[in-house]
Structure formats: C-alpha cells, structure tokens
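Peer 1: sequence-free structure coming up:
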C-alpha cells in the first residue's frame with residue numbers, strides 16, 4: 001500500500017489514557033449471564049480504533065462496525081476481522097446514519113477522535129480509551145490498563161485478564177527464543193520505509209520499543225522520538241546504527257526494494273553491506289496487546305528462527 005495512507009491520515013495517531021476508569025456497560029444481561037442462567041447476548045459494540053477492535057476480538061466481543069476495515073489486512077493482519085463487519089467509512093467522518101441504524105450498546109473511541117465524539121454520543125454511550133499520549137511513556141503498560149478498562153466495560157473481565165496473561169507469556173517465549181539463538185543483547189533496528197530515502201525508525205517509548213526491551217533485545221535506535229515511539233528521517237541517518245541488524249516492516253510499496261537495490265546510499269550502509277537486513281510481516285505500531293504479541297512472535301521468527309507461542 002504505497003504512501004502509507006493509514007499513517008498520514010492519523011497525524012495525531014490517537015491520544016492519551018482516559019482520565020477516568022470505565023464503568024461496566026451494564027449490571028444486567030450484558031454484564032454476565034442472563035436471568036435464569038441463559039447465555040447473555042454479546043454487547044453490540046462499535047470500535048472507532050484498530051487497537052481497541054483487536055482487543056475486543058481477543059476477549060470475545062468482536063465489534064459490529066469499524067472505520068476503514070479494508071486496510072486492516074495491510075496493517076493489523078491478526079486477529080482476523082469478524083465476518084459481516086460493517087464499514088463506517090473514514091474515522092474522522094463516519095457514516096452517522098449507518099452508525100445510528102446499528103443501535104450499538106456502546107461505542108469505544110480514543111481522544112484522537114474528540115472532534116467527532118459529540119456525534120458518536122448522539123448514537124450510543126461512548127467511552128474513550130487510549131494508550132498513546134505525551135510525554136513518552138510505556139504503551140505496553142498502558143495497553144494492560146486499557147485492556148482492563150475495555151474488558152470491564154463489556155462484561156469480560158476474566159477474558160481481559162486471560163489476554164493480559166497470554167501477552168506476557170508470548171513476550172517471555174520470545175525472550176527465551178532470542179536467548180537460545182544468541183540474539184538477546186544484540187542491537188536491532190526496526191524501521192518502516194516511507195519511500196526510498198525516508199524511514200520511520202522505532203526507538204524507545206513506543207509499543208515496539210517496549211517489546212524489544214521486555215524480550216531482552218537492545219534497541220539499535222536509542223534517540224528519543226515522539227510519544228508514539230518513532231522518528232522520521234532520511235536513510236542516511238541510519239549510518240549511526242551501523243552495529244545493528246535492520247528489520248523493516250511490511251507493508252512496503254512494490255517498487256521500493258528494487259529502487260533501494262540500485263541506490264548507492266542504501267548500499268553504502270554498513271548493515272546492508274554485511275547482509276544484516278531482514279523483512280518482517282506487518283504489526284500495528286499503535287495497537288494494543290494483540291499487536292505487541294504479533295510483533296514479538298514475528299520478530300522471534302525473523303531473529304531467532306523460532307515461533308514464540310501465545
């Protein structure tokens with residue numbers, strides 16, 4: 001997907017943690033078993049954010065609608081979206097008539113969409129949860145807190161705790177794989193190509209940086225970036241990370257690799273000359289625990305040649 005439309009569209013890339021904890025969605029059937037012991041129906045939840053949507057799927061309450069689901073397969077990949085999910089259009093300009101017709105029990109969103117929140121609230125109760133905000137923090141820890149808030153809101157507290165435990169187990173397994181392969185303690189540079197001359201480099205303070213730290217790797221990019229954990233710069237700036245192995249994330253424009261192969265600048269970089277460059281499937285850089293798990297698993301496959309199960 002050339003031009004990274006998801007990233008350019010999200011210039012602010014989400015917002016901060018909600019200042020108040022969420023109350024449960026309901027104390028009746030939606031919060032647990034229905035009267036008489038019959039299974040409760042699943043809450044009808046609309047997610048305005050990919051990180052919240054992946055978390056809902058993992059705790060067993062898949063969203064019934066989501067903005068821009070067509071790019072999910074390029075940026076999130078897993079978990080798979082539920083069949084029949086409704087496309088709400090652009091997140092900053094959602095189809096409000098369609099949203100109202102869905103009659104959701106709850107809409108979950110982030111402060112990035114604060115401008116449209118009054119419109120969302122006209123359709124259903126609306127709550128904000130987010131894990132990215134200034135100053136630079138630890139999105140993994142904030143994702144744990146956000147998972148608990150979201151799980152409480154939809155009556156899936158136990159499932160939320162199970163997801164948190166799975167995420168921790170996945171990162172521990174990746175750390176063991178890195179240690180066994182000798183990758184642990186070695187610097188790795190995680191980048192995403194914007195074009196053949198510019199990259200987004202993932203340093204400390206983001207979800208990927210947290211996973212790198214928690215699994216015992218060394219982040220090859222130590223310079224502070226924005227509060228999403230990345231810096232955008234020219235490829236020539238990577239010369240300072242010459243000791244690192246470089247791992248670049250999909251998606252990548254089809255012609256980028258061919259053009260890089262013919263680039264004297266790219267071929268002059270030490271890790272390129274040494275053949276220390278690997279390609280890795282996509283993982284969402286501003287996702288939550290499911291994205292952290294996917295990033296850890298895929299990085300383990302690339303660097304350790306093993307699968308970190310979770």
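Peer 2: All right, it came through fine. Predicted model only: the values in this text are computed from it and were never measured.
Peer 1: what's the longest helix in this structure?
Peer 2: Using DSSP state H, we find that the single longest helix of the chain is helix 157-181.
Peer 1: just the buried residues of stretch 189-209, please?
Peer 2: Within stretch 189-209, the residues that qualify as buried are 189-194, 196, 199-209, counting by 16 or more other Cβ atoms under 10 Å. Where C-beta positions appear, they are placed from N, C-alpha and C, glycine not excepted.
Peer 1: one more: stretch 71-86?
Peer 2: Buried, per 16+ other Cβ under 10 Å, within stretch 71-86: 72, 75-79, 81, 85-86.
Peer 1: and residue 292, its phi and psi?
Peer 2: Here is the backbone geometry of residue 292 (degrees, to the nearest 10): phi -60, psi -40.
Peer 1: contacts only, for it.
Peer 2: By Cβ atoms under 8 Å, 6 or more residues apart in numbering, residue 292 lies in contact with 140, 143, 167, 170-171, 207, 210-211.
Peer 1: ok, now how distant is it from residue 236?
Peer 2: Distance, residue 292 to residue 236, by Cβ to Cβ, to the nearest Å: 30 Å.
Peer 1: show me where pLDDT drops low in this structure?
Peer 2: Within the chain, the stretches with pLDDT under 70 are 1-40, 134-136, 242, 306-310.
Peer 1: got a list of contacts for the host helix or strand of residue 278?
Peer 2: Assigned by DSSP states H and E, residue 278 belongs to strand 277-280. Contacts of strand 277-280 with the rest of the structure, by Cβ under 8 Å, 6+ apart, involve 245-250, 252, 271, 298-299, 302-303.
Peer 1: buried residues, that strand. List them.
Peer 2: 277, 280.
Peer 1: likewise for stretch 293-304?
Peer 2: In stretch 293-304, the ones that count as buried by 16+ other Cβ under 10 Å are 293-304.
Peer 1: contacts only, for residue 203.
Peer 2: Residue 203 makes contact with 209, 219, 221-225, 229-231, according to Cβ under 8 Å, 6+ apart.
Peer 1: break down this protein into its helices, ranges please.
Peer 2: Going by DSSP H, the chain shows helices at 5-9, 50-58, 72-75, 96-102, 117-121, 139-153, 157-181, 207-214, 256-261, 264-268, 270-273, 289-303.
Peer 1: note down every partner strand of the longest strand along the chain and its orientation.
Peer 2: The single longest strand within the chain, with elements called by DSSP state E, is strand 187-193. Note on strand 187-193: by DSSP bridges, its sheet partners are strand 198-202 (antiparallel), strand 218-219 (parallel), strand 245-249 (parallel).
Peer 1: relative orientation of that strand and helix 289-303 in degrees?
Peer 2: For strand 187-193 against helix 289-303, the angle by axes from the mean of the first three to the mean of the last three Cα atoms, to 10 degrees is 110 degrees.
Peer 1: contacts for strand 187-193?
Peer 2: Contacts for strand 187-193 (Cβ under 8 Å, 6+ apart): 4, 199-202, 208, 212, 217-221, 238, 241, 243-249, 252-253, 256, 260, 271, 285, 299, 303.
Peer 1: in ChimeraX, select just the buried ones from those.
Peer 2: Buried residues among these (16+ other Cβ under 10 Å), as a ChimeraX selection:
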select :4,199,200,201,202,208,212,217,219,220,221,238,241,244,245,246,247,248,249,252,256,260,271,285,299,303
